[in-house]
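Peer 1: Let me see the structure of the following:
(one chain, ligands or ions: 1)
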Amino acid sequence: MTEAMHQILVVEDDDGIRNVLRVLLTAENYRVVEATTAHRADIEARSHKPDLLLVDLGLPDGDGLGVIERVRAWSPVPIVVLSARTREVEKIAALDAGADDYVTKPFSAPELLARVRASLRRSVRGTERLAMLRIGVTDIDLEQRRAKDGDRDVHLTPLEYRVLESLVRHGGKIVRSQQLLREAWGPDRSGDTRTLRVCMKNLRDKLERDPRRPEFLVTETGLGYRLLLP
Ligand code: CA
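Peer 2: You can find the predicted model right below:
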């Protein structure tokens, strides 16, 4: 299936924004279904089974979070939140409800389209585990726990491998710091975000071309990290 056939359910009560989204998405050859209320969103999601949902949080008959939770209860479809809510707790609530990504309004069209493409790509790839990955110029074998930069061995610690594995397992989605700590360090170190920051810095120093401007091991401020792979 090509991207041209993907169907996107836009849940947005603001006519202006919905029109902009329709024009933007149809120009990229997505098919667009629209809903202006939480109630209609539930119905359209069930009847159309879209490939992706773009969900506004402030809806006239309820909260978009409810839509996300209800859809997530029966479908792994990618859900991208598009909201004017900029507080971290609100973003976290959306991710906890099951959203895959969060774009704040006002949004930039290229950024929104890039997030949509990325979310669709991840869902096509599914949760299948990636044993070999390439970060920049480094080839990493997660099964053998070996990393090479051409002929040169790159030494990563077991902890650094576990952090990478956790990021890979989440397939490019934002992984919350607490979750990353739990998965890589275990439940006892759950409050230790400083340790996590040090570990991410070391990984960037080893793997990124410019560790101060990471292209792959990306910080999502206030939320956590994600691994962006081409
Ligand atoms: Ca709204």
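
Peer 1: May I ask you to name the longest helix in the chain?
Peer 2: What stands out as the longest helix in the chain, according to DSSP state H, is helix 109-125.

Peer 1: List the buried residues of the next helix or strand after that helix.
Peer 2: Reading on from helix 109-125 to the C-terminus, the next helix or strand found by DSSP states H and E is strand 132-135. For strand 132-135, burial by neighbour count (16 or more other CB atoms under 10 Å) applies to Leu133, Ile135. C-beta: built from backbone N, CA, C; applies to glycine.

Peer 1: Point out where this protein drops to low pLDDT.
Peer 2: 1-4, 123-130, 187-188, 190-191 (pLDDT under 70).

Peer 1: Tell me what the residue of it found nearest the ion is bridged to.
Peer 2: Nearest residue of the chain to the ion, counting by CB to the ion: Gly58, 3.8 Å away. Note on Gly58: beta-bridge partners Asp63, judged by DSSP bridges.

Peer 1: Tell me how many other residues surround it.
Peer 2: Using other CB atoms under 10 Å, Gly58 has 13 neighbouring residues.

Peer 1: And it, how close does it get to Lys105?
Peer 2: Separation of Gly58 from Lys105 (CB to CB, to the nearest Å): 10 Å.

Peer 1: Relative to Tyr30, how far out is the residue lying farthest from the centre of the chain?
Peer 2: For the chain, the residue at maximal distance from the C-alpha centroid (CA atoms, centre = their mean) is Asp151, at 33.0 Å. To Tyr30, Asp151 is 44 Å away according to CB to CB.

Peer 1: residue contacts, the spatially most central residue of the chain?
Peer 2: Nearest to the mean C-alpha position of the chain, counting by CA atoms, centre = their mean, stands Lys173 at 3.0 Å. Taking CB atoms under 8 Å, 6 or more residues apart in numbering, we find Lys173 in contact with Asp100, Asp101, Arg122, Arg226.

Peer 1: Alongside the ion, which residues does this structure contribute?
Peer 2: Taking CB under 5 Å from the ion, the part of the chain that reaches the ion is made up of Asp13, Asp56, Gly58.

Peer 1: Can you give me the neighbour number for Trp185?
Peer 2: 17.

Peer 1: Could you verify my assumption that it touches Arg194?
Peer 2: No: the criterion here is CB atoms under 8 Å, and Trp185 misses it with Arg194 at 12.0 Å.

Peer 1: Show me where this structure has its helices.
Peer 2: Using DSSP H, the helices of the chain run over 15-27, 38-48, 64-72, 88-97, 109-125, 158-169, 177-185, 193-207.

Peer 1: Would you tell me which one of the ones you listed is buried the most?
Peer 2: The highest mean neighbour count among the helices of the chain, using mean count of other CB atoms under 10 Å, belongs to helix 64-72: a mean of 21.

Peer 1: Remind me what it packs against, helices and strands.
Peer 2: For helix 64-72, the elements it packs on are helix 38-48, strand 52-55, strand 79-83, helix 88-97, judged by 3 or more CB pairs under 8 Å, 6 or more residues apart in numbering; DSSP states H and E.

Peer 1: can you redo those as JSON lines with distance to Arg115?
Peer 2: Formatted as JSON lines, the helices and strands packed on helix 64-72 follow (distance: least, CB to CB, whole Å):
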{"stretch": "helix 38-48", "distance to Arg115": "19"}
{"stretch": "strand 52-55", "distance to Arg115": "9"}
{"stretch": "strand 79-83", "distance to Arg115": "6"}
{"stretch": "helix 88-97", "distance to Arg115": "13"}
